[in-house]
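[1] starting from these lines, generate the structure:
(chains A, B, C and D)
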2 protein chains.
Amino acid sequence: MATDEATAEAGGDRLAIASVRKAMVVLETVAMHSEPIGLTRIAEATGFGKSAVQRLTHTLGALGYLEKDPSTRRYRLTVRMLDLTYGFLSKDPLITSGMLQLIDARERIGETLNMGRLEGTDFIYTVRMPAHRLSIIGALIGRRQPAFCTSGGRAVLSRMPRMAAEALIDARPLQALTPNTTIDRGRLIELIEQARIEGFSATDQEVMMGELAVSAPITDEYGQPIGAVQCSVSTAAWTFERMRAELAPQVMETARLISRTPPSRRG
Amino acid sequence: MATDEATAEAGGDRLAIASVRKAMVVLETVAMHSEPIGLTRIAEATGFGKSAVQRLTHTLGALGYLEKDPSTRRYRLTVRMLDLTYGFLSKDPLITSGMLQLIDARERIGETLNMGRLEGTDFIYTVRMPAHRLSIIGALIGRRQPAFCTSGGRAVLSRMPRMAAEALIDARPLQALTPNTTIDRGRLIELIEQARIEGFSATDQEVMMGELAVSAPITDEYGQPIGAVQCSVSTAAWTFERMRAELAPQVMETARLISRTPPSRRG
DNA sequence: AGCATTTTCATTGCAATGCGATACTATGTT
DNA sequence: AACATAGTATCGCATTGCAATGAAAATGCT
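    Numbers count the residues shown, from 1 in each chain, chains lettered A, B, ... in the order given. Got it, this is the predicted structure:
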């Protein structure tokens, strides 16, 4: 019963404490669902037994991470989750120093600025500075998007060794999010090569229609890419070419400022 | 052995899965420390045995929530934490609708705007819109501050039943964060009463010197307080009285807009 | 409204498994 | 180079998580 999940998720490491793994899977399951989710739904989604899920939700509830709507008896995450969020955000030097630069840049540019990094094959946002109300649909910290079709993801890829970048592209099927999404592998590698040369990456409605974006990579003291600054604008106010001409330099400059070695902690 | 912690933390509920509880305590311990933390330090801080912590950190590492610096062998949270963050943020209607209003309001007001809610005796920030680089020290989601001395906390308290508000004040010793912090219980209740009447709460450097803040409560469809909008400004640019006169109305209006019943999900 | 179906809650005993104890290795400090 | 400190590896038994079961409650149907 549980063997299928074990091999699929844990990836062969037998030493992971089973109940902890399950608890985290439950948390993520609750997190992923767009609505509060009930006991049996969790059991189905996770593949764990109903009894186990019962104990797990109870435990996570008692610890304050899950709360159950008294009327629907469905579970959702609690605000306590944000304690862990803060714990992560507050001690990531890239984030704290990046926020400073992003604030300045947004004030100068007047458009939405984001920061993010790679996580697996996704680009995940760590800082968001929305400028207009139009630009905030889902403009939340922690949002994931496929790296291959976002300007931020491509910016990071453009500073990675070619082989690593290609491996990452191949690690996931290239699925189009819009009619504009580049799903041709060769073309994609061309675009990344172009980004490597130009120092920035620009996308034209490849994630969402109406959205243009330009990104520049952030590097650590060894030149390794550790994230990207992204500027996202609307086709209503910008053209692709004008964005490339006017915004790309500013985004690159912002990324360069963040790239200056933060107070690092290396032997 | 583990009995001390069990009674202290779980509060008498015996059904919490031990290892899950320990795992979450480890996560929070790592989150709380300002620097990456080693195995024995975690063991000391949590009171768990070294062997247990070893397994727990290994497990949490294998699951991708903890990563260990290869050189120092200290643990820190990973960006995967943000998946849970997003899971929480994205389905809280207060947060998504609040962001919209906060963006508009920041553009209008031009000063830093935050949103938050009570969690225990703390006011915890859920949305932050810093306006200037001066204002962003620790301007991160998930930050906690004692409710009693923050304008946001007092704004929420001012819409709670008096007894509940007083109980919350008494639940924690009133410790001053600055020379200006109100630690006199009677005076505090006066201030909350004033907020109840005026519809907003203002603080003058009670959390940090140089920082003024004004907040208004957000209520649900039944008038229950569920959070607060806060505007935070610097004494370099504002006086307490001018903030009360010019910013308080705008903050109240913003809170009112957010208070309009969001797409709720009640039977 | 009243019955059928589904979902959640409560309990128990046994086998799986987490953890204490211990020893060993790596690191960095005097 | 030796000592002190911190991390890793191993193992066996007592702890404890969970499958199984059924009661209770809630929902949906006619």
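
[2] CA atoms for contacts and neighbours, from now on please.
    OK.

[3] show me what contacts residue A:75?
    Residue A:75 makes contact with A:30, A:36-39, A:66-69 under the criterion Cα atoms under 8 Å, 6 or more residues apart in numbering or on different chains.

[4] mind doing that once more with 10 Å?
    With contacts defined as Cα atoms under 10 Å, 6 or more residues apart in numbering or on different chains, the neighbours of residue A:75 are A:27, A:30-31, A:35-39, A:42, A:57, A:61, A:65-69.

[5] swap in residue A:87?
    Taking Cα under 10 Å, 6+ apart as the definition, contacts of residue A:87 comprise B:27-35, B:76-78, B:81, B:140-143.

[6] near DNA strand C too, which of the residues you listed?
    Restricting these to those touching DNA strand C (Cα under 7 Å from any atom of the strand) yields no residues.

[7] which parts of chain A sit against DNA strand C?
    Counting by Cα under 7 Å from any atom of the strand, the residues of chain A close to DNA strand C are A:15-19, A:38-41, A:51, A:54, A:73-74, A:267.

[8] any of those buried? List them.
    Taking 16 or more other Cα atoms under 10 Å in any protein chain shown as the criterion, what is buried in these is A:16-17, A:19, A:38-40, A:74.

[9] what's around residue A:83, how many residues?
    One way to gauge burial is a neighbour count; for residue A:83, by other Cα atoms under 10 Å in any protein chain shown, it gives 20.

[10] surely it and residue B:24 touch.
    No. Taking Cα atoms under 10 Å as the definition, residue A:83 is not a contact partner of residue B:24, at 11.3 Å.

[11] excluding chain neighbours, what is closest to residue A:248?
    Spatial nearest neighbour of residue A:248, chain neighbours left out: residue A:214 (6.2 Å); criterion: Cα to Cα, 6 or more residues apart in numbering or on different chains.

[12] if you skip the residues just before and after it, what's nearest to the residue in chain A that DNA strand D sits nearest to?
    Sorted by distance to DNA strand D under Cα to the nearest atom of the strand, the residues of chain A start with residue A:49, at 3.7 Å. Using Cα to Cα, 6+ apart and skipping residues adjacent in sequence, the residue nearest residue A:49 is residue A:43, 6.0 Å away.

[13] mind listing what that neighbour touches?
    Residue A:43 makes contacts with A:26, A:29, A:49-54, as judged by Cα under 10 Å, 6+ apart.

[14] which residues in the stretch 151-267 of chain A form strands?
    A:201-204, A:211-219, A:225-234 (DSSP state E, counting those that start in this stretch).

[15] which residues in the stretch 151-267 of chain A form helices?
    When secondary structure is read from DSSP state H, counting those that start in this stretch, the stretch 151-267 of chain A shows helices at A:151-157, A:162-170, A:185-198, A:240-242, A:248-259.

[16] buried residues in stretch A:225-241?
    For stretch A:225-241, a neighbour-count test (16+ other Cα under 10 Å) marks A:225-235, A:240 as buried.

[17] can I get the residues you listed in TSV including distance to DNA strand D and pLDDT?
    Output for the buried residues of stretch A:225-241, formatted as TSV (distance: Cα to the nearest atom of the strand, whole Å; pLDDT from 0 to 100):
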residue	distance to DNA strand D	pLDDT
A:225	26	95
A:226	24	94
A:227	27	96
A:228	30	97
A:229	33	97
A:230	36	97
A:231	40	97
A:232	41	95
A:233	42	94
A:234	41	93
A:235	43	94
A:240	48	97
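
[18] ok, these vs residue A:99, which is closest?
    Proximity of those to residue A:99, judged by Cα to Cα, is greatest for residue A:229, which lies at 10.5 Å.

[19] I'd say the closest one and residue A:114 touch.
    Yes. When contacts are counted by Cα under 10 Å, residue A:229 is listed as touching residue A:114 (5.9 Å).

[20] no more questions from me, cheers.
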